[in-house]
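**Q** need a 3D model of the sequence below.
(chains A and B)
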Amino acid sequence: MPPVIETREISVRFGAFTAVDRVSLTVDRGEVFGLLGPNGSGKTTLIKSLCGLVKISGGEGRLLGLDVRAEAPAIRRRIGYMSQRFGLYEDLTARENLEFYSGVYGLTADRYARRLASVVGLTAITPYLDRRASQLSGGWKQRLALGCAIVHEPEVVFLDEPTAGIDPVARRALWDLVFQLSGQGVTFLVTTHYMDEAERCGRVGYLYNSTMVAMGTVEELKRLPAANPPGTARYEITCPNITETLATVRALPFVREATIFGQSIHALADAAAAPALATATGVAPRPIEPSLEDVFVTLTNRILADRSAL
Amino acid sequence: MSLFAGAWPMLRKEFVHLRRDPGTVIFALLIPVIQLIIFGFALNMNVRQIPTVVYDQAPSQRSRELIARFRSTDTFALVAQVTSDAELEHEIRSGHAQAALKIPYDYADRVLAGRGATVQLLVDGSDSTVSSAALNVFNALILLENQRLARAGPPIVEARPAVLFNPATRSPNFFVPGLVAALVQIMVIILVALSVVRERERGTLEQLTVTPVQPLGVMLGKMIPYVTLGFLEICWVLLIMRVVFAVPIHGSLATLLLLAVPFLVASAGIGLLISTRANSQAEAFQMAFGTMLPSIFLSGYIFPINNMPAQFQLVSKIIPTTYFIEVTRGVILRGAGLADLWPNGAVLTAMALAAVGLAARQFHRRLS
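**A** Model prediction:
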């Protein structure tokens, strides 16, 4: 079976600006693929190019074995898309929004009735069905938007920052929904800024400056050589006054990077530096695995260093 | 896949929007009433009772007769007598009077001697409608006076003008049929353009783009509700015109309403064209407003097209309102039928097809 999403050296250019630069990725059926990267790194443009909202300037994109450019109409019926702006009609009720999108996808009355029951069951939106979209909270709006995006039973769903600006409980509820659907075989491509969300994804791609810098499972990324330069180790330093300690740690010659991580400092230092770190900070450092965030910070720093070395 | 895929759900949704936002419908039905009141009651193109001062340098039997003739017209209202040129000029400059009749001291003598007496009318030219009416009536009066003085008995040639179709030259009869066209065009353009651009602003248009909805489906779904609303508005204005302003409809109402359809579709098409260009509702509103001035001033609604320079006459030919005003005035005032008005219908149909086709192309380009 061909991969559900497959891009080969896909590029999107707006005039002189390259928003997506030769990105290649494959996503298999039922996978949840997380797309990370800072604002403006090209995540949204990549999704839009696959949905046919933005013209592809180079390379090739295939969804469900169909060419994104040539077979867009056939693809449309089989994909779902939820943008950052949700695409809901605020003056229509939740039910009317679902009804509208099912009509737009040409669902028969029978199938609509079945799908409505299924989507309502999945999103638990029953109590708010006859409330206008404008009166729903952010979390419910976003669940309704997801409901509208899957009302036609798409095989692939693109979610562009689905959890931006909603509370943690609603965030978790949405992810539960995503995994439930992926268990049924729906493939997801999700962009996010949250590391904890990325850690839930089967595989993750990190876009930086329009290019795909790293891609793989979370475990693979944590073991990337680029993120764990030879002769270095990662330490966690937990101490009361972290801000001052951070400055001290950063000034040490054998420390490559140091960032605050919750109540502690994560430092990338020479492998044998543990005793020296202990003397400098007065606390015994604990050797740790890099977190996903550590990986991306190290990768980004490396790119910046390489660039300034040129 | 159908070319019009998605039209039906779009259409249904659009009617729900309208039901949820009664303001739009009220706006569409209330504005014409206000306009009708202004144009029907307040404005009058017929010039009457121009305030006029008289400077009679030597009052006499003859000069009093002439003044009496002026007084007997509806055009001039004699407001004061002045006794010097300075005073006369002051009256006009200050705006107290818009015309001044000056009868020289030798008027009576010259009339009696039959040696070319002169009478002067000074007119304030700052309002061209008033001044041209004043001059016309003045010339006619003097002509009659000449005839009367020259010979007793019936005149050799008597003028017997007759105004057809609007014998009393009532303003509402002239304005209201034009108003229907001008008003409805603006309304339909604005409502269609805003409803599409609103979706662009809120991101729902982008959402629609990833669905199987076709551009023509979106357009049809957007046009039908507002064309319907425009149609209701035309009926509503005609009803007020007939009942409140007692303007008779001489021709067939069915012809008028039939020809309204291509006119409304053409207007909706212009609205769609605007919506493909505008990125915000404010921008769309400005563009719609840009179409408003030409459709009021160059369509023959207020000013006759024949009086315009050739370039402007050309502009007037690309405005749908121009043709629909021909239709409304034709049917309502002259009792014209389809046999007389079909060329207007043909042009409107061509315009409707062109606007919708062009908008579809733009839509396609923007969406893909």
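
**Q** and the helix or strand hosting B:Gln147, what other elements does it pack with?
**A** If you go by DSSP states H and E, B:Gln147 is part of helix B:128-150. Here helix B:128-150 is seen to pack against strand B:50-56, helix B:61-72, strand B:120-123 when contacts are counted using 3 or more CB pairs under 8 Å, 6 or more residues apart in numbering or on different chains; DSSP states H and E. Heads up, the C-betas are built off the backbone N, CA and C, glycines and all.

**Q** winner for burial among those?
**A** Counting by mean count of other CB atoms under 10 Å in any protein chain shown, strand B:50-56 has the highest mean neighbour count of the helices and strands packed on helix B:128-150, with a mean of 22.

**Q** export it to PDB, keeping only CA atoms.
**A** Extracted in PDB, the C-alpha atoms of strand B:50-56 (Å, rounded to 0.1, in the frame of the first residue of the first chain):
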ATOM      1  CA  ILE B  50     -38.200  82.500  -8.100                       C
ATOM      2  CA  PRO B  51     -37.800  85.400  -5.700                       C
ATOM      3  CA  THR B  52     -37.700  88.400  -7.900                       C
ATOM      4  CA  VAL B  53     -37.200  92.200  -7.300                       C
ATOM      5  CA  VAL B  54     -38.500  94.900  -9.600                       C
ATOM      6  CA  TYR B  55     -36.700  98.100 -10.400                       C
ATOM      7  CA  ASP B  56     -39.200 100.200 -12.200                       C
END
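
**Q** and the strands in the stretch 151-300 of chain A?
**A** For the stretch 151-300 of chain A, the strands defined by DSSP state E, counting those that start in this stretch cover A:156-160, A:187-191, A:203-208, A:211-217, A:232-238, A:255-261, A:264-270, A:286-287.

**Q** who does the fifth one touch, helix- and strand-wise?
**A** Which is strand A:232-238. Under the contact criterion of 3+ CB pairs under 8 Å, 6+ apart, strand A:232-238 touches strand A:264-270, helix A:274-281, strand A:286-287.

**Q** among the ones you listed, which gets the worst mean confidence?
**A** When the helices and strands packed on strand A:232-238 are compared on mean pLDDT, helix A:274-281 scores lowest, with a mean of 84.

**Q** so how far is that one off the chain centroid?
**A** 37 Å (CA atoms, centre = their mean, to the nearest Å).

**Q** can you tell me the element the closest residue to chain A within the stretch 51-200 of chain B falls in?
**A** The minimum distance from the stretch 51-200 of chain B to chain A, using CB to the nearest CB, falls at B:Glu199 (8.5 Å). Here B:Glu199 is covered by helix B:171-202, with elements defined by DSSP H and E.

**Q** output the contacting helices and strands for the very next helix or strand once past that helix.
**A** Going down the chain from helix B:171-202, the next helix or strand is helix B:204-209, by DSSP H and E. Under the contact criterion of 3+ CB pairs under 8 Å, 6+ apart, helix B:204-209 touches helix B:171-202.

**Q** quick check: buried residues in the helix it packs on?
**A** Along helix B:171-202, these residues count as buried under the neighbour rule (16 or more other CB atoms under 10 Å in any protein chain shown): B:171-202.

**Q** same check on stretch B:261-280?
**A** In stretch B:261-280, counting by 16+ other CB under 10 Å, buried: B:261-276, B:278.

**Q** is chain A contacted by that stretch?
**A** No: applying CB under 8 Å from any CB of the partner chain, one finds stretch B:261-280 separated from chain A by no less than 14.4 Å.

**Q** what strand or helix carries the closest residue to B:Leu358 other than its chain neighbours?
**A** Among residues not flanking B:Leu358 along the chain, B:Leu273 sits closest, at 6.0 Å (CB to CB, 6 or more residues apart in numbering or on different chains). Using DSSP H and E, B:Leu273 maps to helix B:253-277.

**Q** quick check: mean pLDDT across that helix?
**A** 95.

**Q** equivalent analysis for stretch B:69-81, please.
**A** Across stretch B:69-81, pLDDT averages out at 87.

**Q** same check on stretch B:210-220?
**A** Stretch B:210-220 shows an average pLDDT of 90 in the prediction.

**Q** quick one, longest helix in chain A?
**A** If you go by DSSP state H, chain A has its longest helix at helix A:292-309.

**Q** stretch B:229-248: which residues count as buried?
**A** Neighbour-count burial for stretch B:229-248, counted by 16+ other CB under 10 Å, picks out B:229-231, B:233-234, B:236-238, B:240-241, B:245, B:247.
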